[in-house]
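In: Here is a sequence with its predicted model. Questions after.
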Amino acid sequence: MLAVNVGRTQTDYRLVDALSGTLSAVFSKTFIIDTAGRFNNSVVFATDAPASLELFRARAEAEANPKLQPIIRDALALGNLRRGRPNGIVFTDDLAPVERLIDDIIVSYVRATR
């Protein structure tokens with residue numbers, strides 16, 4: 001299991017899409033859940049192990065750590081848990097314009113909030 005915390009704005013999911021697309025090209029199953037609360041992040045999970053949305057939810061709900069339980073509860077209730085899908089975006093060593101994409105997201109956000 002690989003988990004990547006991905007920053008985004010409330011409406012701009014380009015980096016989430018790019019990373020989930022890349023992981024979907026490598027792993028057989030990817031899942032995305034948005035964070036709830038004051039931060040706009042999504043967490044992309046990727047695995048080759050047997051998994052489904054139902055199994056993902058069941059495993060998360062079975063977490064015994066009391067410090068994680070409220071976070072998991074909020075994320076599952078509000079986080080739009082969904083499968084990641086191949087989307088044609090694959091970042092590689094030769095093509096990984098991550099910095100440019102992040103810079104563009106920041107500039108777009110600043111322009112929209114002025």
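Out: Thanks, I have it.

In: So, low pLDDT: which residues of this structure?
Out: Low-confidence regions of the chain, defined by pLDDT under 70, span residues 94-96.

In: Could you give me the buried positions within the helix of greatest length in the chain?
Out: The single longest helix within the chain, with elements called by DSSP state H, is helix 98-112. Residues of helix 98-112 classed as buried by neighbour count (16 or more other CB atoms under 10 Å): 101, 105, 109. For glycine as for every other residue, the C-beta is placed from the backbone atoms N, C-alpha and C.

In: again, but for stretch 17-36
Out: In stretch 17-36, counting by 16+ other CB under 10 Å, buried: 17-24, 27, 29-36.

In: From those, which land in strands?
Out: The strands in this structure, assigned by DSSP state E, contain 29-34 from these.

In: can those go into a markdown table with extra columns for distance to M1?
Out: Shown next, in a markdown table, are these (distance: CB to CB, whole Å):
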| residue | distance to M1 |
| --- | --- |
| K29 | 10 |
| T30 | 11 |
| F31 | 10 |
| I32 | 14 |
| I33 | 13 |
| D34 | 19 |
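
In: Now for A62, how many residues are close by?
Out: Close neighbours of A62, defined as other CB atoms under 10 Å, add up to 8.

In: Can you tell me which of the ones in strands among the buried residues of stretch 17-36 is nearest K67?
Out: I33 (18.1 Å; CB to CB).

In: No further queries at this time; thank you.
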